[in-house]
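Peer 1: with the input below, show me the fold.
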Amino acid sequence: MLEMTIHEKACRGCQLCLDVCPTDCFTFDEVTQKAQVAVVENCIECLSCSFICPSLAISHKNHHQVKNFYRNIEFSRRMEKFL
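Peer 2: Okay, here's the model as predicted:
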């Protein structure tokens, strides 16, 4: 099962993770001015939150990683006739 953690000391409170998350996994704590994981079960493991976080405060464990073949130029050339 996916484990998602926001490292409290690293979080700057920019809320970019809240903006980019398509499934609303995060909430923002007004008292601490930090993001928090609200519903990890909603996560579709796109990892957008990790990529957009400027302080690298978000980490994931036990996620299923899929190779992004669309960025592989050789694969794209072979598949060109099907696209």
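Peer 1: now stretch 45-55: buried residues?
Peer 2: 48-50, 53 (16 or more other Cβ atoms under 10 Å). All C-beta spots, glycine's among them, are computed from the backbone N, C-alpha and C.
Peer 1: pLDDT on it, on average?
Peer 2: Stretch 45-55 carries an average pLDDT of 91.
Peer 1: please export the C-alpha coordinates of that stretch as CSV.
Peer 2: Taking C-alpha atoms only, stretch 45-55 is exported to CSV below (Å, rounded to 0.1, in the frame of the first residue of the first chain):
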residue,chain,number,x,y,z
GLU,A,45,0.3,7.8,-7.7
CYS,A,46,0.9,10.3,-10.4
LEU,A,47,3.7,11.8,-8.2
SER,A,48,2.9,15.3,-9.5
CYS,A,49,3.1,16.6,-5.9
SER,A,50,6.6,15.3,-5.5
PHE,A,51,7.8,16.8,-8.8
ILE,A,52,6.3,20.2,-8.1
CYS,A,53,7.4,20.6,-4.5
PRO,A,54,10.2,23.2,-4.4
SER,A,55,11.6,21.9,-1.1
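Peer 1: how far out from the middle of the chain is that stretch?
Peer 2: Distance of stretch 45-55 from its chain centroid, counting by Cα atoms, centre = their mean, to the nearest Å, is 4 Å.
Peer 1: ok, residues contacting it?
Peer 2: Stretch 45-55 is touched from outside by 2, 10-12, 14, 16-17, 20-22, 25-26, 56, 58-60, 63-64, with contacts defined as Cβ atoms under 8 Å, 6 or more residues apart in numbering.
Peer 1: can you give me the strands in the chain?
Peer 2: 3-6, 26-29, 34-37, 58-61 (DSSP state E).
Peer 1: turn the ones you listed into a markdown table, columns for mean neighbour count, distance to residue 73 and mean pLDDT.
Peer 2: Shown next, in a markdown table, are those (neighbours: other Cβ atoms under 10 Å; distance: least, Cβ to Cβ, whole Å; pLDDT from 0 to 100):
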| stretch | mean neighbour count | distance to residue 73 | mean pLDDT |
| --- | --- | --- | --- |
| strand 3-6 | 15 | 32 | 94 |
| strand 26-29 | 16 | 34 | 96 |
| strand 34-37 | 19 | 35 | 96 |
| strand 58-61 | 15 | 27 | 93 |
